[in-house]
Structures are given as structure tokens and as C-alpha cells.
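**Q** Model the structure of this input:
(one chain, ligands or ions: 1)
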Amino acid sequence: MEAILLVGGRGTRLRPLTISTPKPLLPTAGAPFLAHQLARAHAAGVTRIVFATSYRAEMFEAAFGTSAHGVELTYVSEREPLGTGGAIRNAAPALTSGPDDPVLILNGDILSGHDVRAQVELHEKAGAAATLHLTKVEDPSRFGSVPTDGQGRVTAFLEKTNNPVTDQINAGCYVFRRSAIDTIPEGEVVSVERETFPGLISSGQVVMGHVEAGYWLDVGTPEAFVQGSRDLVLGRIASPAMPGEPGQRLLLDGAVVSPRAVVRGGTAVGRGAEVEGGATVEGSVLQDGAFVAEGATVRDSVVGRGARVGAGAVLDGVILGDGASVGPGNELRNGLRLWPGIALPPTAVRFSADDS
Ligand code: GTP
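**A** A predicted model of the protein is given here:
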């Protein structure tokens, strides 16, 4: 089976991490985020993937080449981002599938443990134009919801509301009949969620919902990105692309952790990163060359490439951009983000995004 992988977004919610690296390539549990998706797609029977790129398009081919994790890869780039539907249409000429074949479409920022083969089986059995993975969430009012009828057929795409009629939401993994992709207008900005699916339903086509509520995470926000890395390292979701056994921590080549440091809770320590004695790092991502000095505490945070955390400093729920540095004694919390290269001098002042 072939797939199209949507990876052209700018990842604005994950800035500053996505200034230098597109979201799908951010190091996550020791590998670019997409490596986990490629490996899982391969395990689900996908043999060839067309990357639909736009933002920093050249970086994807440089990272993965023509084949990776058992999947043949090819790349189609949009000059201007065409939205999710426009990107699928733009990538379609690179497919080799026949008109009735199923084609998998994957958002490049979703970590999902759902059964893709079962989704494809439902699609084929129902003779559907498209079949969406729908997951269930505790608070559906934060999302648009997708109700289905007794036969599993999608009846509507509903906008966010305080009183959603269902807890089912679009999980960002679709099966399309190849010929249904060709009905998307060419060369235009199109949203698959807001235009293509509602259009298929109103024209009487069969759109099915494969409801499965296993592990599912959209890593589009800093909190979710850190959680995704943590869950992979801890083995809450299995990935054949993880370069090590699941456990409390994953140390990449050249990482140096003092025996007097505590590093746990699914922390990934990048190549050449260093954690000094007396420091505690929990549930975090230390990118390549990051440095955590003596007695510092880093929790649920990302320390970018070559970024430095000074002695005794505290980071809790913080993003440090590449090369940023936090002087000794600072205390940063609650979603605070330091842009690449910013250096915070030593201070005992407590800082929080909530204080601004
Ligand atoms: P934010 O800017 O933080 O909202 O992130 P994003 O740009 O990734 O947008 P969003 O999370 O809504 O995108 C969902 C998926 O579709 C991601 O994998 C994006 O890379 C991808 N995507 C979004 N817009 C486009 C586009 O115009 N072209 C292509 N090729 N992919 C897109």
C-alpha cells in the first residue's frame, strides 16, 4: 500500500524549536519524529510513501533519502503551502496506485497506536471513498467532532462547540480511494477537514469512521511534544525506530550523565549532551550537545541543541531554543520559551510565562 505523508506545516505552535527544524524532523526519543511514523507505517504494510512537503522541504530528503525503515520514499513540494487537501492533491501524481486502490494519508505530527490494517479493511469492506481514524477524547469541546451512524458512516463534521454531540474526533489518519483524491481541486488551497470530507458527504459518497481509542497524541504543542518523546522512551507506545530499549531514560551516543545525577521519567539525552552531578532531569528532551550543570532541575522541558542550564537553575515546562543559556539560580516555569541564542544572566529572580 502507498501513503502520502503531510509534512508541510510551519509548526508555529512549537516555536522556537521549529525555526531551524520542521516539526516532523524534531529529535524525539532519539530519532527524528517521522522515523517513528515510518517504522510504524512499514509495520502496517505501507511499502511506499510520498512526502508532501513545503516548509523547509529540502530537509526531509536530506534526512531520509530514497528509502528508510523499509519504506521507499519520494518527495513532492508545494511552492506555496496548499493546506492539507491541496497538499494531498498536489502529491497524488507521484502515486502509482490504481484508481480503486486504498491510499493512506498521514498527518506528520501524530503518534498513534491504532490498527491501520483494521482501518483499511473497514474501508475496503464498505467500498468507501474515504475512511477516517476517529479517536475518543475526554474533552471533545476543544476539537471539532465527527459523529457516525449505526453502520459507522460519518454523518457530519462539526465545528468546536461547548456541547458536542459525540466524543469522537478526527485523528489525522485517512484511507482514500485513489480516485477520490482526484476530485480535490488542483493547485488550490484546500482543507481536507473543512472542505474535502464535508463535500464527499454532501455529494452522497460513503465516508466511514474507524473508531479506535488506543494510544493517540497530536504532538503539535510543546507539552504534547515532550509527552510524545517521554511516552516513546518509557515504552507507553512501541516504536521500532527507537535506538534503545524502553526505560526511564534513553542515552544516545556520546551522552555523559554523572553517576550523581538523577535522569528518569522517560528523558532522552542527545548525542554529546551532558548532565552534571546533583542535577535532576525528569521527563524531558535534552537535544544534542545540551548541558545541564550541577544541581540544576529540568522537568517536562526541552533543552535545545547546545543549550545550557546553569548550576542550580530550575526549568519546569520550558522550551530552551538552540544555543540558549540560563544562568545559575534562575527558575523558569509554565510554558516559558527562550529563543535561540538568548542568554539569561545569573539571577535568583523567578520567571514564568504567567508573570508576563
Ligand atoms: P501549527 O502551525 O503549529 O498549527 O502546525 P502545522 O503547521 O503543522 O499545522 P497542523 O498541525 O494543522 O498540520 C497538520 C499536518 O498537516 C502536519 O503534519 C503539517 O505538517 C501538515 N500540513 C499543514 N498544512 C500543510 C500544507 O499547506 N502543506 C503540506 N504539505 N502539509 C501541511
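
**Q** now the helices: where do they sit in this protein?
**A** When assigned using DSSP state H, the helices of the chain occupy the ranges 17-20, 33-43, 58-64, 83-91, 116-126, 178-181, 197-202, 222-234.

**Q** Show the average pLDDT along the longest one.
**A** Mean per-residue pLDDT for helix 222-234: 96.

**Q** So what touches that helix?
**A** Contact with helix 222-234 is made by 13-14, 17, 23, 26, 28-30, 33, 36, 111, 215, 217-219, 237, 239, 242, 246-250, 265-268, 283-285, 300-302, 317, 319, 335, 337, as judged by CB atoms under 8 Å, 6 or more residues apart in numbering. The way it works is simple: take the backbone N, C-alpha and C, and place the C-beta from them, glycine included.

**Q** now those: which count as buried?
**A** Neighbour counting by 16 or more other CB atoms under 10 Å classes 14, 17, 23, 26, 28-30, 33, 36, 111, 217-219, 237, 239, 242, 246, 249-250, 265-268, 283-285, 300-302, 317, 319, 337 among those as buried.

**Q** just those residues that are near the ligand?
**A** Residues of the buried ones among the contacts of helix 222-234 in contact with the ligand (CB under 6 Å from any ligand atom): residue 23.

**Q** can you pull the pLDDT of residue 349?
**A** With respect to pLDDT, residue 349 has a value of 55.

**Q** again, but for residue 355
**A** The model's pLDDT for residue 355 equals 58.

**Q** Please tell me how far the residue positioned nearest the centre of the chain sits from residue 296.
**A** The centre of the chain sits closest to residue 109, judged by CA atoms, centre = their mean, with a distance of 2.5 Å. Computed as CB to CB, to the nearest Å, the residue 109 to residue 296 distance reads 30 Å.

**Q** Run a quick neighbour tally on residue 280.
**A** As a burial measure, residue 280 scores 18 neighbours (other CB atoms under 10 Å).

**Q** quick one, what contacts it?
**A** Contacts here follow CB under 8 Å, 6+ apart; on that basis residue 280 touches 261, 262, 263, 296, 297, 298, 299.

**Q** beta partners for the fifth one?
**A** Listed by DSSP bridges, the beta-bridge partners for residue 297 are residue 280, residue 314.

**Q** from memory it sits against residue 279, does it?
**A** Yes - in this structure, residue 297 is within contact of residue 279 by CB atoms under 8 Å, at 7.1 Å.

**Q** Which residue is the nearest non-sequential neighbour of residue 57?
**A** Closest residue to residue 57 apart from its sequence neighbours, by CB to CB, 6 or more residues apart in numbering: residue 77 at 4.1 Å.

**Q** and the one you found, how many residues sit next to it?
**A** Neighbour number of residue 77 under other CB under 10 Å is 17.

**Q** before we move on, what about the one 3 residues further on?
**A** Counted with other CB under 10 Å, residues neighbouring residue 80 total 9.

**Q** mind listing what it touches?
**A** 54, 189.

**Q** Please report how far it lies from the ligand.
**A** In this view, residue 80 and the ligand are 8 Å apart by CB to the nearest ligand atom, to the nearest Å.

**Q** Next one, pLDDT for that residue please.
**A** pLDDT for residue 80: 92.

**Q** Next one: it from residue 90, what distance?
**A** 10 Å.

**Q** Would you mind naming the residues that bridge with the closest residue to residue 216 other than its chain neighbours?
**A** Distance criterion CB to CB, 6+ apart; nearest residue to residue 216, sequence neighbours excluded, is residue 135 at 4.5 Å. With DSSP bridges applied, residue 135 shows beta-bridge pairing to residue 169.

**Q** got the contact list for the residue in the stretch 101-250 of the chain positioned nearest to the ligand?
**A** Evaluated by CB to the nearest ligand atom, the stretch 101-250 of the chain has residue 108 as its residue closest to the ligand, separated by 3.3 Å. Residue 108 makes contact with 5, 6, 7, 9, 23, 24, 33, 34, 37, according to CB under 8 Å, 6+ apart.

**Q** could you redo the last one with a cut-off of 6 Å?
**A** Going by CB atoms under 6 Å, 6 or more residues apart in numbering, residue 108 touches 5, 6, 7, 24.

**Q** who's more crowded, residue 297 and residue 279?
**A** Set residue 297 next to residue 279 and count neighbours by other CB under 10 Å: residue 279 wins out with 25 against 19.

**Q** Could you spell out which stretches of this protein belong to which domain?
**A** 2-218, 248-352 (automatic domain parsing).

**Q** if you compare the ones you listed, which one is most tucked away?
**A** Neighbour counts (mean count of other CB atoms under 10 Å) averaged over each of the domains of the chain peak at domain 248-352, with a mean of 21.

**Q** tell me how far it is from the chain's mean position?
**A** Here the centre of domain 248-352 is set off from its chain's centre by 22 Å, with CA atoms, centre = their mean, to the nearest Å.

**Q** With stretch 117-129 instead?
**A** Worked out by CA atoms, centre = their mean, stretch 117-129 lies 25 Å from the chain centre.

**Q** Stretch 28-37 now?
**A** Using CA atoms, centre = their mean, the offset of stretch 28-37 from its chain centre is 9 Å.

**Q** mind checking the end-to-end distance for that stretch?
**A** One end of stretch 28-37 sits 11 Å from the other (CA to CA, to the nearest Å).

**Q** Run through the residues of the stretch 1-150 of the chain sitting next to the ligand.
**A** So the stretch 1-150 of the chain meets the ligand at 6-13, 23, 52-54, 78, 81-84, 87, 107-109 (CB under 6 Å from any ligand atom).
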